[in-house]
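1. How does the following fold in three dimensions:
(one chain, ligands or ions: 1)
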Amino acid sequence: MLDPHPRRHRNQFDPDPHERELVGIVEAILAADELDARALDRIVKNHPKNGTGLFSRSEVIAGFRRFAPGRSWAVDELAFIERLRMRPVRTQSGVTPVTVLTKPYPCPGRCIFCPNDVRMPKSYLRDEPGAQRAEDNRFDPYLQTWNRLAAYHSIGHPVEKIELIVLGGTWSFHPEPYQIWYVKRCFDAMNDFGAGMDRCAEAGAPTVDFSEIPAIDGRALESTSYNRVIRDALTRSHGGALVHESEAATWAELEIAQRTNEVAACRNVGLAFETRPDEITPGEVQRLRRLGGTKVQIGIQNLSDRVLAMNRRGHDVAATRRALALLRAAGFKIHAHWMPNLLGATPDGDIEDFSKLFGDADFRPDELKIYPCSLVESAELMAHHESGEWRPYAPAELLRVLMAGMARTPRYCRITRVIRDFSADDIVVGNKVANLREVAERALAEQGVRCREIRAREIRGEPFRQEDLRLSEHGYATSIGREVFLEYTTPADQLVAFLRLALPEDRTQPGELGGSAIVREVHVYGTSLALGRRAGGRAQHIGLGRKLIARARQLAADAGYGDLAVISAVGTRAYYRSLGFRDGPLYQHADTTA
Ligand code: SF4
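-> Sure thing, here's the model as predicted:
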């Protein structure tokens, strides 16, 4: 049965009945000379909840927020939270990620490795952490966004700068009114949360109970089964339509929500969509941009037409080349998905394929998810496994492929994942080692090879001296011209900030970007901090972003471009205006000579 009460209502914590215990905990924490995990445990145990239970860290923070006013505690909320934060956290790359999933919906792909969990959007499994959250929130964009922000806030993470990641099936295949509505509702949630408003109760009632649809068995699968089942369920519930009439909004409505977000307390600083190469057209690129998109996650999977065809991807490598060129020319960041161990692949063939990813100027993604093919029950690959046509690589084979890939990844690319988040229970055969990245990194280190990709070099929360930083510039060819990757690093080659500058060869292309150099990304590391809060000298607040943009402007001018455009997120528009950029229809622009 559908849960009419999303998770938020089950988890709400009221500190008022626990004032004595929570004040005791806060004061003991503030009085402690050294606060390691054991000392914190002791303090919490000394002030039990309801006589026997233990307060969680988020409840202690809620207690601080509730009872600090009127007390003379010597620290503010940020300092208190920093005292509690024992471990590195997800937000150390500078922004807080919020991942949301679209509802189950047909996908134009027929990929044989793709899960067919009809309770989920295509390619996702219910046991994946993000998928569970989405289901708990009925795939509603407002509930998912608002509740994720609430969860972050409750454990003390700043939520002022949000990267929104919209996943699930093929985004571009959803009808445009649904896309606009979906993004608008995410913006509504950010705007409301920042303003202290909770309109979760107004979220529309669920229209389809996907959890009640019987599972599909991959062995008996026709390639259209998922689509047929989902199409039937949706149209049955929506009077013959694939989307409910309440799931639609207009561009004008979205633009109002976006303008509100420009000055909201909880701003969108990046927006990613997930789609397929053959869905990328000039019109689609414009639509993604109009929605506020800054990044595209794109499944390229393999760079051999033979392997793509065997796995029924439904597009060829030429489509991938075209898609990446269109996205790059429009300034989008390119987050590619690549899969070793597909049907028809071999370890040596995959290593060669990976070399093409960066050896061929038509690809060269900015970020990369490596998803070794794992067999799940509902995928059509089951039949190929049982017939003996496909087998998972042995652990040593897979490790060899990953090590070769990680060693070949250049310093301008970030490997965001090396395995998919499937639970071991869902994997019939295939890799079940959750920390494969660490295993591969260790094995490379034993051979004296250090990974240079971005994630391996990020400074995270470590201190550094500004005067030690070095600015370097790395140029490389792309399908549309030249790219310069500018980076600030420490003497130990830790990455503190970077900028991606595209210098298109064709300066006569029509439209807003004709003749422009394009800033595709500016990223400054350091714990994500509340806008306007003092940061005690961390990276985000020593003007590295500003310096990188000034240098990009100079490089663009030197190369003869009169205009520098930036693919700004909605919530960073005000920042770029403060640097002298003016608004264009879809980008912001600065004269390089000014
Ligand atoms: S395009 Fe993506 S979501 Fe669709 S079937 Fe292929 S892998 Fe699955």
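2. Please count neighbours and contacts with C-alpha atoms only from this point.
-> Will do.
3. Three-state assignment for the residue nearest the centre of the chain, please.
-> For the chain, the residue whose C-alpha lies nearest the mean C-alpha position (CA atoms, centre = their mean) is residue 165; its distance is 4.5 Å. Assigned by DSSP: H, G, I helix; E, B strand; the rest coil, the conformation of residue 165 is strand.
4. Contacts only, for it.
-> Contacts were defined as CA atoms under 8 Å, 6 or more residues apart in numbering; by that measure residue 165 touches 97-100, 271-273.
5. change it to 7 Å
-> 98-100, 271-273 (CA atoms under 7 Å, 6 or more residues apart in numbering).
6. Residue 326 now?
-> By CA under 7 Å, 6+ apart, the neighbours of residue 326 are residue 282.
7. got it, and residue 554?
-> If you count contacts by CA under 7 Å, 6+ apart, residue 554 has them with residue 592.
8. what's it sitting at in phi/psi?
-> Backbone dihedrals for residue 554, given as degrees, to the nearest 10, come out at phi -60, psi -50.
9. how much space between it and the ligand?
-> Between residue 554 and the ligand the distance is 41 Å, computed by CA to the nearest ligand atom, to the nearest Å.
10. Equivalent analysis for residue 359, please.
-> 25 Å.
11. So what's the residue count around that residue?
-> By other CA atoms under 10 Å, the residues close to residue 359 number 13.
12. Show the model's pLDDT score for it.
-> We note a pLDDT of 97 for residue 359 in this prediction.
13. Surely residue 210 is in contact with residue 121?
-> No: applying CA atoms under 7 Å, one finds residue 210 not in contact with residue 121, separated by 9.9 Å.
14. So for the two, which sits in the more crowded spot?
-> Taking neighbours as other CA under 10 Å, residue 210 and residue 121 compare with residue 121 leading, 28 against 22.
15. what about stretch 232-241, start to end distance?
-> Counting by CA to CA, to the nearest Å, you get 10 Å between the two ends of stretch 232-241.
16. list the buried ones in that stretch?
-> Residues of stretch 232-241 classed as buried under the neighbour-count rule (16 or more other CA atoms under 10 Å) are 233-234.
17. Can you name the residues in contact with it?
-> For stretch 232-241, contacts defined as CA under 7 Å, 6+ apart pick out 207-208, 242-244.
18. min pLDDT across those, which one?
-> Per-residue confidence across the contacts of stretch 232-241 is lowest for residue 207, with 73 (pLDDT).
19. thinking in terms of the whole chain, how far from its middle is the longest helix along the chain?
-> Identified as the longest helix of the chain according to DSSP state H is helix 176-194. Centroid separation between helix 176-194 and its chain, computed with CA atoms, centre = their mean, to the nearest Å, is 17 Å.
20. same thing with stretch 184-203?
-> Between the mean C-alpha position of stretch 184-203 and that of its chain there is a distance of 20 Å (CA atoms, centre = their mean).
21. What of stretch 195-209?
-> Relative to its chain's centre, stretch 195-209 lies at 23 Å (CA atoms, centre = their mean).
22. Could I get the phi/psi values of the nearest residue to residue 301 once chain neighbours are set aside?
-> Leaving aside its chain neighbours, residue 301 sits nearest to residue 338 (3.9 Å; criterion: CA to CA, 6 or more residues apart in numbering). Summarising the backbone geometry of residue 338 under the convention degrees, to the nearest 10, its torsions are phi -130, psi 140.
23. Report pLDDT for residue 338.
-> Reading off the confidence values, residue 338 has pLDDT 98.
24. Tell me the helix or strand right after the lowest-mean-pLDDT helix or strand in the chain.
-> Sorted by mean pLDDT, DSSP states H and E, the helices and strands of the chain end with helix 7-11, the least confident at a mean of 44. Helices and strands here follow DSSP states H and E; after helix 7-11, the next one along the chain is helix 19-31.
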